[in-house]
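> Turn this into a model:
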Amino acid sequence: MAPPVSPFRTDILKGKVALITGGGSGIGFEITRQLGLHGASVVISGRRVEGDVRKYEACEAMVAGAVAKFGRLDVLVNCAAGNFLAAPEQLSSNGFRTVLEIDTLGTFNMCKAAFPALQSSGAGSIVNISATLHYGATWYQAHASAAKAAIDSLTRSMALEWGSFGIRVNGVAPGPIAGTAGMEKLAPGKASALSAEVARRVPVGHMGERADIALACIYLCSSAAGFITGHTMVVDGGEWMYREPIVPRSMVAKVSRGVEGKSRAVGIAGSSKL
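Below is the predicted model:
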């Protein structure tokens, strides 16, 4: 599949300044690139570049750096994350804590650190990147599922409490996205084989592209979403609600006629006994 073409004007975010954590690679980098292509001035933050989101002082420094460079901050995208496969009985306490600290604590730290600047902008926008892992349950992802569920809760709480300060808070929950380090990490050496299996379970018939997530962020950061807050947009091609069909599509009509025929026969027999 070719990446989606943007339907938005290239100046839709003109004059906006955006800070993106985890913006140096993968989905975060594409979000950064698309924000820039649509007119925003962008600041990339990554653990190896500027700071660790687990440390509040580092988050304050990231925000201060963005404001010092561009004079304001209008958009914050929290994309920094950590993950790996682990069965819960084999997952260490430190491993569980590390994922929650990067994903959940990191999101809170950045939101809190950015609050004064976003309030000053008069129309601040936060987008928290979560996932669909916790919508049901996902094998070997107890740590990441807990972290992402907490992020969705933070999104709603902050949207409720910060709306009066002129700050909208939304989220994007990506589904399976092709060509990302996450896919390789969750299926080392088998990403291509996994891609085919995952695509089979996506109702639209294919995995997503990084641009799909980035364009959702463009929409949520733009004036088109000016009356949307507290919402986490699922961008997964319907994968989270996929279920194997009980009956093959080719057999549906035949099975249905058979059941209806038996029902009628039972009804007639029952009536004849009265």
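> Please identify the helix or strand for the residue nearest to the spatial centre of the chain.
Compute the mean C-alpha point of the chain, and by CA atoms, centre = their mean the closest residue is Ala173, 2.3 Å away. In the assignment (DSSP states H and E), Ala173 maps to strand 167-174.
> so what does that strand touch, helix or strand wise?
Contacts defined by 3 or more CB pairs under 8 Å, 6 or more residues apart in numbering; DSSP states H and E place strand 167-174 against helix 106-121, strand 124-129, helix 142-162, helix 210-221, strand 232-235. Just so you know, the C-beta spots here come from the backbone N, C-alpha and C atoms, and that holds for glycine as well.
> What's the mean pLDDT across stretch 59-72?
For stretch 59-72, the mean per-residue pLDDT is 97.
> Can you pull out the residues in contact with it?
17, 19, 21, 41, 43, 45, 50-51, 53, 73, 106, 109-110, 112-114, 117, 120-121 (CB atoms under 8 Å, 6 or more residues apart in numbering).
> Filter these down to the buried ones, ChimeraX style.
Provided next is the ChimeraX selection string for whichever of the contacts of stretch 59-72 are buried by 16 or more other CB atoms under 10 Å:
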select :17,19,21,41,43,45,50,51,53,73,106,109,110,113,114,117,121
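> that older thread, in the sheet, which residues pair with the residue nearest to the centre of the chain? Tell me.
For Ala173, the beta-bridge assignment (DSSP bridges) gives partners Val234.
> before we move on, what about Ala18?
Per DSSP bridges, the residues bridged to Ala18 are Val42, Val75.
> Outline the domain layout of the protein.
For the chain, automatic domain parsing gives the domain ranges 17-243, 245-274.
> ends of the longest one, how far apart?
What that stands for is domain 17-243. End-to-end distance of domain 17-243 (CA to CA, to the nearest Å): 42 Å.
> tally of neighbours for Val5?
For Val5, the number of neighbouring residues by other CB atoms under 10 Å comes to 7.
> Please apply the same query to the one 5 residues further on.
Neighbourhood size, Thr10 [other CB under 10 Å]: 10.
> try Ala149
Residues lying near Ala149 (other CB under 10 Å) number 16.
> next one: Gly65
A total of 15 residues lie near Gly65 under the criterion other CB under 10 Å.
> Could you give me the buried positions within the helix or strand harbouring it?
With elements taken from DSSP H and E, the one containing Gly65 is helix 56-70. The neighbour-count check on helix 56-70 (16+ other CB under 10 Å) flags Ala58, Cys59, Glu60, Met62, Val63, Ala66, Val67, Phe70 as buried.
> Just the closest of those residues to Trp139, please.
Looking at the buried residues of helix 56-70 and their distance to Trp139, the nearest is Cys59, at 32.3 Å (CB to CB).
> quick one: contacts for the closest residue to Pro88 other than its chain neighbours?
The shortest distance from Pro88 to any residue that is not its chain neighbour, by CB to CB, 6 or more residues apart in numbering, is 4.5 Å, and that residue is Ala142. Neighbouring residues of Ala142 by CB under 8 Å, 6+ apart: Ala86, Pro88, Leu91, Phe96.
> gap between Ala142 and Ser93?
Counting by CB to CB, to the nearest Å, the gap from Ala142 to Ser93 is 12 Å.
> distance between the ends of stretch 91-106?
Here the two ends of stretch 91-106 are set 21 Å apart, with distance taken as CA to CA.
> Other residues contacting it?
Contacting residues not belonging to stretch 91-106 are listed as 21, 53-54, 59, 78, 80-84, 86, 142-144, 146-148, 150-151, 154 [CB under 8 Å, 6+ apart].
> most tightly surrounded among the helices and strands packed on strand 167-174?
Between the helices and strands packed on strand 167-174, strand 124-129 has the highest mean count of neighbours, a mean of 27, where neighbours are mean count of other CB atoms under 10 Å.
> Please compute how far that one lies from its chain's middle.
Here strand 124-129 shows a centroid-to-chain-centroid distance of 11 Å under the convention CA atoms, centre = their mean, to the nearest Å.
> try stretch 26-40
Relative to its parent chain, stretch 26-40 has a centroid offset of 15 Å by CA atoms, centre = their mean.
> Centre of the chain to stretch 32-49, how far?
Its chain's C-alpha centre and that of stretch 32-49 lie 17 Å apart, by CA atoms, centre = their mean.
> Name the residues of the strand or helix carrying Gln34 that are buried.
Gln34 is part of helix 26-37 when elements are defined by DSSP H and E. For helix 26-37, the neighbour count (16+ other CB under 10 Å) marks Gly26, Ile27, Gly28, Phe29, Glu30, Ile31, Thr32, Arg33, Gln34, Leu35 as buried.
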